[in-house]
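with the sequence up front, the predicted model follows.
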Amino acid sequence: MTLPLSESIISAEAAYTSGVYPKRQVAIVRGEGALLWDADGRMYIDCVGGQGAANLGHAHPAIVAAIREQAERLISCPEIFYNDQRAAYLTELAAALPFAARIFLCNSGAEAIEGAIKIARLKTRRTGIVAAVRGFHGRTMGALSATFEPKYREPFMPLVPGFSHVPYNNVAAIESAVTGETAAVLLEPVQGEGGVHPALPGYLQEVERICCERGALLIIDEVQTGFGRTGALFAIEHHGIAPALLCLAKSIAGGLPMGAIAINTVLGPLPPASHGTTFGGSPLVCAAARAALRTLRDEDLPRQAAEKGAYFLERLSALRLPRVRAVRGQGLLIGIELKERVQPFLVALMERGVLALPAGPNVLRLLPPLVITHEQINAVIAAIAEVLA
Ligand SMILES: *Cc1c(COP(=O)(O)O)cnc(C)c1O
């Protein structure tokens with residue numbers, strides 16, 4: 001099969017695309033592990049990782065087989081019916097989240113956040129949501145109300161009422177923001193889009209205690225940190241917390257669109273017809289999600305992320321590059337804060353065969369598949385050293 005070359009793909013897509021995405025001048029057509037190829041056959045080391053959806057790497061044989069087998073059997077089955085794949089996946093995911101008694105399945109990160117906000121209102125009969133400065137939770141109206149970045153929010157005002165933003169990693173700010181009106185506190189365990197800021201040890205435990213004392217729910221957004229990214233299956237394991245609600249998406253189903261809300265035992269089930277979604281928990285995504293969870297365990301990917309992430313951070317820090325203000329991260333969620341704008345360096349890296357992300361205007365973010373090899377990591381470090389020299 002011959003595919004069209006990059007130039008014709010780019011011009012065809014550019015003519016009709018909505019315009020919301022800042023596009024890179026490359027047409028990606030194939031992937032394997034942590035490698036991607038463009039339509040002209042050029043190879044790249046992928047440190048974008050499907051923006052967090054490709055923790056298992058591209059074209060993982062276990063995911064491909066699960067999708068192929070299930071697609072031949074049954075793709076659609078709404079949750080009004082029971083289904084074998086969904087039953088098995090709920091059992092397996094609940095076993096990985098000991099605090100959770102119930103799970104709502106949906107289709108994206110923003111949808112998981114929307115659902116969690118609704119559940120918090122329903123269960124507490126309060127309306128306030130406390131989120132964090134630099135927090136990112138998605139683009140739909142509720143999730144956007146929790147997102148901090150003014151450039152994302154301001155064109156769409158007025159947003160949902162009752163949201164406030166407090167400085168991250170600041171317990172005193174939570175103490176004063178959480179009141180008898182607060183339905184929930186919503187936080188990421190590592191702020192991803194907001195510049196790669198990990199929660200300090202003890203912070204999330206203190207937030208959990210304050211929520212508990214005041215009858216507010218703790219919602220943890222693990223859309224980006226979940227499924228091995230930070231060196232544990234879930235980042236909450238680093239902090240020893242059991243949130244009221246845990247939001248998951250991105251790498252949950254090996255790259256297929258899926259989200260989930262894990263609901264703490266203390267909250268009990270949801271009232272009938274209080275929420276819902278057509279595609280939620282389809283047999284196809286459940287089969288892929290089962291394969292993803294199994295593969296994360298079989299290949300010990302959380303441990304690999306911890307080890308490779310530590311190596312990455314150590315090597316990057318040792319470079320002592322003059323343009324770099326700070327290097328930080330947890331597992332394979334890595335941020336390199338520059339003293340200048342990051343955009344030109346993303347282009348320069350792409351020219352050297354490395355695809356990377358920004359996190360705000362001056363942070364270079366690396367989000368490689370957890371299966372990235374040490375050889376590939378060394379090549380990425382060499383390219384970064386070269387472009388930032
Ligand atoms: C990406 C992301 C979201 C939104 O997920 P979508 O699937 O794009 O709607 C929410 N929260 C965090 C922390 C994210 O990184």
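That came in fine, so what should we check first?

neighbours of the residue in the chain that the ligand sits nearest to, how many?
Taking CB to the nearest ligand atom, the ligand has its nearest neighbour within the chain at G109, 2.1 Å off. All C-beta atoms are positioned from the backbone trio N, CA, C, and that covers glycine. Other residues near G109 come to 29 when the count uses other CB atoms under 10 Å.

ok, now R315?
By the criterion of other CB under 10 Å, R315 has 17 neighbours.

again with G335
With other CB under 10 Å as criterion, G335 counts 28.

repeat for the one 10 residues further on
Per other CB under 10 Å, the neighbour tally for F345 reads 20.

over to the nearest residue to L217 once chain neighbours are set aside: give its phi and psi.
Once flanking residues are discounted, L217 sits nearest to A244: 3.7 Å by CB to CB, 6 or more residues apart in numbering. A244 adopts backbone torsions of phi -70, psi -40, taken as degrees, to the nearest 10.

which residues touch L97?
When contacts are counted by CB atoms under 8 Å, 6 or more residues apart in numbering, L97 touches 234, 246, 262.

among the residues you listed, which lie within strands?
246, 262 (DSSP state E).

quick one, what contacts the residue nearest to L217?
120, 123, 184, 211, 217-219, 263-264, 266-267.

could you tell me which of those residues count as buried?
120, 123, 184, 211, 217-219, 263-264, 267 (16 or more other CB atoms under 10 Å).

and the two most separated of those?
C211 and I263 (15.2 Å; CB to CB).

so V26 makes contact with M350?
Yes - with contact defined as CB atoms under 8 Å, V26 reaches M350; the gap is 6.6 Å.

quickly list what's touching both of those two.
Y44.

which bits of this protein sit near the ligand?
Contact residues, the chain versus the ligand (CB under 6 Å from any ligand atom): 52, 108-110, 113, 136-138, 188, 192-193, 221, 223-224, 249.

strands - which of those residues land there?
Those of the residues of the chain next to the ligand mapping onto strands are D221, per DSSP E.

V380 sits in which helix or strand?
Per DSSP states H and E: V380 is located in helix 374-388.

buried ones in that helix, by neighbour count?
376-377, 379-381, 383-384, 387-388.

let me see the contact set for the residue nearest in space to the middle of the chain.
With distances taken as CA atoms, centre = their mean, Q224 lies nearest the centre of the chain, 1.7 Å away. With contact taken as CB under 8 Å, 6+ apart, Q224 is in contact with 52, 109, 188, 190, 192-193, 250, 333, 367.

quick one on the thing from earlier: closest one of the contacts of L97 to L355?
Comparing these against L355 with CB to CB picks out F234 as the nearest, at 26.2 Å.

need the pLDDT of the closest one.
Per-residue pLDDT puts F234 at 98.

could you check how many residues crowd around it?
Neighbourhood size, F234 [other CB under 10 Å]: 22.

kindly report the same for S11.
So S11, with other CB under 10 Å, has 11 neighbours.

hmm, who's touching the helix or strand containing it?
Using DSSP H and E, the element containing S11 is helix 6-16. Helix 6-16 is contacted from outside by 4, 23, 25-27, 29, 38-40, using CB under 8 Å, 6+ apart.

out of those, which sit inside strands?
Those of the contacts of helix 6-16 lying in strands (DSSP E): 29, 38.
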